[in-house]
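**Student:** Provided below are the primary sequence and the corresponding predicted coordinates.
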Amino acid sequence: MTDAVVWVGLDRGDADLAHLDHELLAALEGLDAPLVCTHVVDGHHAASARVGLDGVLPAVDRLAALAARFGGALVAVGAPGDPALELGDERFRGGARAAAAALRDGREGRAVRFPGQEALTGRLTVAEVPARSAIAELVAIGTVLDDDRVLDTRGYVRPLLSHGALRLTVVPAATGTVIPHERPGRHDCGKDH
């Protein structure tokens, strides 16, 4: 793990997703972590982050500080086959390892932070979303989308990672717009998270 990117898994057995989101982002404050996800692992929520690090000693120090701030277990992985750094509560290391690998491999996750997220506020056309952010596409439930359809973000966008791409699930709103399927306080705990 030198001058590179590592994928960090964090697990402490969280049941409350909104609480996890808040504490996760606070723990990552000041780190280069452009992609942060949550995952369902063994019936609870774990988290992962793509973290840029520079140098072995500063990297280990930064990860140890993150582990102390977040609590539970932290597992940092590089490329498949590289050694992993494992810190914290052994009961949660398996979940942290699974979360880190899921993000690294682009298999699954629910993005709490992602590139371009800050540009997704207010009302945007469907075509503007992938042009402004790392979201590759919008997936509609119960409606048909065209590029001119308006997405009302309502200030809360949580796309899902699958097969290496972020996809935002949207549903129709009474105003003729579409809105993100996941809204604050509403968390559907399906296997795609």
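**Tutor:** Arrived safely. Not measured: the values here are computed from a predicted model. Numbers count the residues shown, from 1 in each chain.

**Student:** For this protein, which residues score under the pLDDT cut-off?
**Tutor:** Along the chain, segments meeting pLDDT under 70 span 1-3, 55-58, 185-193.

**Student:** now the helices for it?
**Tutor:** Here the chain has its helices, by DSSP state H, at 17-27, 56-70, 93-104, 128-132.

**Student:** ranking those helices by burial, who's on top?
**Tutor:** Among the helices of the chain, the stretch with the highest mean neighbour count (mean count of other Cβ atoms under 10 Å) is helix 93-104, at a mean of 23. The C-beta positions use only the backbone N, C-alpha and C, and glycine is treated the same way.

**Student:** For burial, what's the neighbour tally of residue 168?
**Tutor:** Residues lying near residue 168 (other Cβ atoms under 10 Å) number 26.

**Student:** what does residue 117 give?
**Tutor:** Neighbours of residue 117 (other Cβ under 10 Å): 22.

**Student:** so who does it touch?
**Tutor:** By Cβ atoms under 8 Å, 6 or more residues apart in numbering, the residues touching residue 117 are 111, 133, 157.

**Student:** could these be laid out in TSV, adding distance to residue 171 and neighbour count?
**Tutor:** Listed next are the contacts of residue 117 as TSV, based on distance: Cβ to Cβ, whole Å; neighbours: other Cβ atoms under 10 Å:
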residue	distance to residue 171	neighbour count
111	18	23
133	19	21
157	13	22
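
**Student:** Tell me the one of those nearest residue 165?
**Tutor:** Of all the contacts of residue 117, residue 165 sits closest to residue 111, with 10.8 Å by Cβ to Cβ.

**Student:** ok, the closest one to residue 7 distance?
**Tutor:** 14 Å (Cβ to Cβ, to the nearest Å).

**Student:** centroid residue for this structure?
**Tutor:** Centroid-nearest residue in the chain, with Cα atoms, centre = their mean: residue 37, separated by 1.7 Å.

**Student:** wait, what's in contact with the nearest residue to residue 168 once chain neighbours are set aside?
**Tutor:** Using Cβ to Cβ, 6 or more residues apart in numbering and skipping residues adjacent in sequence, the residue nearest residue 168 is residue 159, 4.2 Å away. Applying Cβ under 8 Å, 6+ apart to residue 159 gives the contacts 110, 111, 114, 135, 166, 167, 168, 169.

**Student:** where's residue 159 relative to residue 86, distance?
**Tutor:** In this view, residue 159 and residue 86 are 29 Å apart by Cβ to Cβ.

**Student:** Roughly how far does the residue lying closest to residue 20 once chain neighbours are set aside sit from residue 85?
**Tutor:** For residue 20, ignoring the flanking residues on the chain, the nearest one in space by Cβ to Cβ, 6+ apart is residue 14 at 4.3 Å. To residue 85, residue 14 is 21 Å away according to Cβ to Cβ.
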